[in-house]
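Enquirer: Fold the stuff below for me.
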Amino acid sequence: MHLVDDSGRGLDAEYLVEPDGDRLALVMESRSGTSRRRAPRNPDYNRALTVLRTCGHAQATADRLRQAGLEVLNDVVLNQVLVRAATDDQTLALVMSVQQDGTCWCGPTIWQHRPAMRISISGWATTSDDISKSADAIIAAAQRLDQE
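Expert: I've put the predicted structure just below:
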């Protein structure tokens with residue numbers, strides 16, 4: 001497996017995936033300094049950490065939305081989450097409601113010939129708090145739609 005940035009460019013960053021009890025641990029090889037005798041190691045280390053962090057944020061978002069009763073459509077392996085409400089009309093209304101709220105921006109898309117909401121998490125400055133607030137806003141919008 002290779003890490004890629006948002007443009008699809010492969011990142012030069014070494015890592016290992018190792019068992020850690022009932023989980024897997026991701027071990028990033030550190031970035032070394034430059035030397036006259038050898039080339040720098042892992043020059044894309046910081047960019048790779050950003051990719052990995054956004055993937056973790058996407059998984060956390062999917063978990064929260066799933067627990068709230070929304071349908072998560074995709075296997076969340078990168079920084080994208082596709083979500084659907086109970087009906088196609090509710091899904092489109094959810095997208096509009098989230099956009100009007102302004103906490104985060106999610107766009108409409110089509111997944112298997114039906115409307116869905118696409119959540120794309122990117123940016124080095126995105127924090128766990130941002131993710132929590134965004135999930136709260138999406139869940140609140142879905143709950144309002146359920147009451148209508």
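
Enquirer: Tell me where this protein has strands.
Expert: Secondary structure of the chain by DSSP state E: the strands cover 15-20, 23-28, 71-72, 80-84, 107-111, 114-120.

Enquirer: any idea which residue sits dead centre in the protein?
Expert: A58 (2.4 Å; C-alpha atoms, centre = their mean).

Enquirer: my read: it touches L78, true?
Expert: Yes - under the criterion of C-beta atoms under 8 Å, A58 makes contact with L78 at 6.9 Å. Bear in mind the C-beta positions are built from the backbone N, C-alpha and C, glycine included.

Enquirer: Looking at this structure, which helix is longest?
Expert: Looking across the chain with DSSP state H, the single longest helix is helix 45-67.

Enquirer: now the angle from it to strand 114-120?
Expert: 140 degrees (axes from the mean of the first three to the mean of the last three C-alpha atoms, to 10 degrees).

Enquirer: Quick one: mean pLDDT over helix 45-67.
Expert: Throughout helix 45-67, pLDDT has a mean value of 86.

Enquirer: Buried residues of that helix, list them for me.
Expert: Across helix 45-67, burial judged by 16 or more other C-beta atoms under 10 Å covers 45, 47-62, 64-65.

Enquirer: cool, and stretch 64-80?
Expert: For stretch 64-80, by 16+ other C-beta under 10 Å, it's 64-65, 70, 72-73, 76, 78-80.

Enquirer: Return the item of those having minimum pLDDT.
Expert: On pLDDT alone, L78 ranks lowest of the buried residues of stretch 64-80, at 81.

Enquirer: give the contact list for the closest residue to that one other than its chain neighbours.
Expert: In this structure, L78 finds its nearest non-sequential neighbour in C55, 5.8 Å apart by C-beta to C-beta, 6 or more residues apart in numbering. Counting by C-beta atoms under 8 Å, 6 or more residues apart in numbering, C55 makes contact with 76-79.

Enquirer: which residues of this protein score low on pLDDT?
Expert: Within the chain, the segments meeting pLDDT under 70 span 1-3, 6, 23-24, 26, 28-42.

Enquirer: Right, I'll call it a day here.
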